[in-house]
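Participant: Mind folding the following:
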Amino acid sequence: MEKNAKIYVAGHRGMVGSAIVRELNRQGYSNLVLKSHRELDLCRQTEVEAFFAQEKPEYVFLAAAKVGGIVANQEALADFMYENMMLEMNVIHAAWKNGCRKLLFLGSSCIYPRMAPQPMPESCLLTSELEKTNEAYALAKISGLKYCEYLNRQYGTDYISAMPTNLYGPNDNYHPTHSHVLPALIRRFHEAKEAGLSEVTCWGSGNALREFLYVDDLAEACVFLMDHYSGNETVNVGTGKELTIRELTELTARVIGYKGKINWDLTKPDGTPRKLLDVSKLERLGWKYRTELEEGIRMAYEDFLHNPMRAER
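Facilitator: Below you'll find the predicted structure:
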């Protein structure tokens, strides 16, 4: 990408989008087009088409999405499918209609089958059934990446997709029930420490295995892929390292300074037993993550402490 190119970051106020903006600014890209949801509702096709016709961005990072943890996904299956399908199709289609030179679509590792081979290669997509607890979100994301692929094949566009692992970091959602596991743990242990609670109960067995990537590392990978990758197949973005939810919970408690007892509610779901991405493709391209998990949790906790609006959600 040229330093003066017009770049649209969709979802720039979210955790991923704001990290991409920080990375673009760090690298000297200053011609950024940014619109809040109030200014531009991506679920409304006429608004999106008018925006692209007027602005004509040369590059697009599609980071906007409706996201949430297991509870949010189970409570709002229809909402997760509709909103994600609508916004991504509107943006990708309008980008194509208006001659966007390159687009990067951001998906999620939940697109891969529940019982995928581990670590999960990009090639395992659609080889068996999805995890039911986030099926609606996964189907929407699969549709977005496939639309990018089909545009490339039919019209010769240069639209790519990246599939990040579980993310955390600045501007995360710390809602007590609708957030993802790591920000939920940060809030829970912080509040337990502040209240002097002797024990905390966490969901599931703690045996599920997960991988976590600091969001600023993802942003760096996204800019890297815009400059160094073209292809129909998606690219996994992660660390290639995993730990159990129990280990993650104990690490988060230690970082925050909570010293009470941790109990496990076995009536709550674990989700997919294991989700580790095969990141060999990205490493062959020349990119590797920087931030180790403990350091990243410390930085995320600092964000939680100094962003009260995020902490209250």
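Participant: rest of the way, CA atoms for contacts and neighbours
Facilitator: Will do.
Participant: Quick check: Phe189 touching Ile256?
Facilitator: Yes - using Cα atoms under 8 Å, Phe189 makes contact with Ile256 at a distance of 6.9 Å.
Participant: who's more crowded, these two?
Facilitator: Set Phe189 next to Ile256 and count neighbours by other Cα atoms under 10 Å: Phe189 wins out with 25 against 18.
Participant: low-confidence ranges in the stretch 1-150 of the chain?
Facilitator: Counting by pLDDT under 70, the stretch 1-150 of the chain shows low-confidence ranges at 68-76.
Participant: for it, what spans make up the helices?
Facilitator: 15-26, 45-55, 70-75, 77-97, 135-155 (DSSP state H, counting those that start in this stretch).
Participant: Mind jotting down where the strands sit in the chain?
Facilitator: Here the chain has its strands, by DSSP state E, at 7-10, 32-33, 59-62, 102-106, 159-164, 166-168, 199-203, 209-210, 212-214, 235-237, 243-244, 261-265, 274-275.
Participant: Ok, which of those strands comes nearest Glu88?
Facilitator: strand 59-62 (7.5 Å; Cα to Cα).
Participant: Walk me through which strands that closest one pairs with, and which way each runs.
Facilitator: strand 7-10 (parallel), strand 102-106 (parallel) (DSSP bridges).
Participant: Let's have the strands of the chain in TSV, adding mean neighbour count.
Facilitator: Output for the strands of the chain, formatted as TSV (neighbours: other Cα atoms under 10 Å):
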stretch	mean neighbour count
strand 7-10	26
strand 32-33	16
strand 59-62	24
strand 102-106	23
strand 159-164	26
strand 166-168	23
strand 199-203	15
strand 209-210	20
strand 212-214	25
strand 235-237	26
strand 243-244	16
strand 261-265	13
strand 274-275	24
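Participant: Leu106 reaches Glu88, doesn't it?
Facilitator: No - at 9.7 Å, Leu106 does not count as touching Glu88 under the criterion of Cα under 8 Å.
Participant: okay, and the common contacts of these two?
Facilitator: Leu62 (Cα atoms under 8 Å, 6 or more residues apart in numbering).
Participant: mind checking which of the helices of the stretch 1-150 of the chain is nearest Leu218?
Facilitator: helix 15-26 (7.8 Å).
Participant: Distance of Leu139 relative to Ala219?
Facilitator: 24 Å (Cα to Cα, to the nearest Å).
Participant: Neighbour count: those two, which is higher?
Facilitator: Ala219 (20 against 17).
Participant: Tell me, what's the model's pLDDT at the closest residue to Asn173 other than its chain neighbours?
Facilitator: Once flanking residues are discounted, Asn173 sits nearest to Ser179: 5.6 Å by Cα to Cα, 6 or more residues apart in numbering. For Ser179, the pLDDT comes out at 76.
Participant: Repeat that for Arg153.
Facilitator: So Arg153 comes in at 98 (pLDDT).
Participant: what number of residues lie near it?
Facilitator: By other Cα under 10 Å, 13 other residues sit near Arg153.
Participant: residue contacts, it?
Facilitator: Going by Cα under 8 Å, 6+ apart, Arg153 touches no other residue.
Participant: residues touching the closest residue in space to Asn31 that isn't next to it in sequence, list them.
Facilitator: Nearest non-adjacent residue to Asn31, counting by Cα to Cα, 6+ apart: Lys6, 5.1 Å away. The neighbours of Lys6, taking Cα under 8 Å, 6+ apart as the test, are 31-33, 56-59.
Participant: picking up where we left off before, among the strands paired with strand 59-62, which comes closest to Glu83?
Facilitator: Closest to Glu83 of the strands paired with strand 59-62, according to Cα to Cα: strand 7-10, at 14.0 Å.
Participant: Disregarding residues adjacent in the polypeptide, which is nearest to Thr291?
Facilitator: Counting by Cα to Cα, 6+ apart, the residue nearest Thr291 is Tyr214, at 6.4 Å.
Participant: Against Gly14, how distant is Val48?
Facilitator: Taken as Cα to Cα, the span from Val48 to Gly14 is 18 Å.
Participant: oh sorry, the question was meant for Ser280
Facilitator: 28 Å.
Participant: re the thing from before, quick one, which of the helices of the stretch 1-150 of the chain is nearest to Tyr174?
Facilitator: helix 15-26 (11.3 Å).
Participant: Pull out the buried positions in that closest one.
Facilitator: In terms of neighbour count (16 or more other Cα atoms under 10 Å), helix 15-26 has its buried residues at 15-24.
Participant: picking that back up, please tabulate the contacts of Lys6 in a markdown table and include distance to Arg101 as additional columns.
Facilitator: Shown next, in a markdown table, are the contacts of Lys6 (distance: Cα to Cα, whole Å):
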| residue | distance to Arg101 |
| --- | --- |
| Asn31 | 15 |
| Leu32 | 15 |
| Val33 | 15 |
| Lys56 | 10 |
| Pro57 | 8 |
| Glu58 | 5 |
| Tyr59 | 6 |
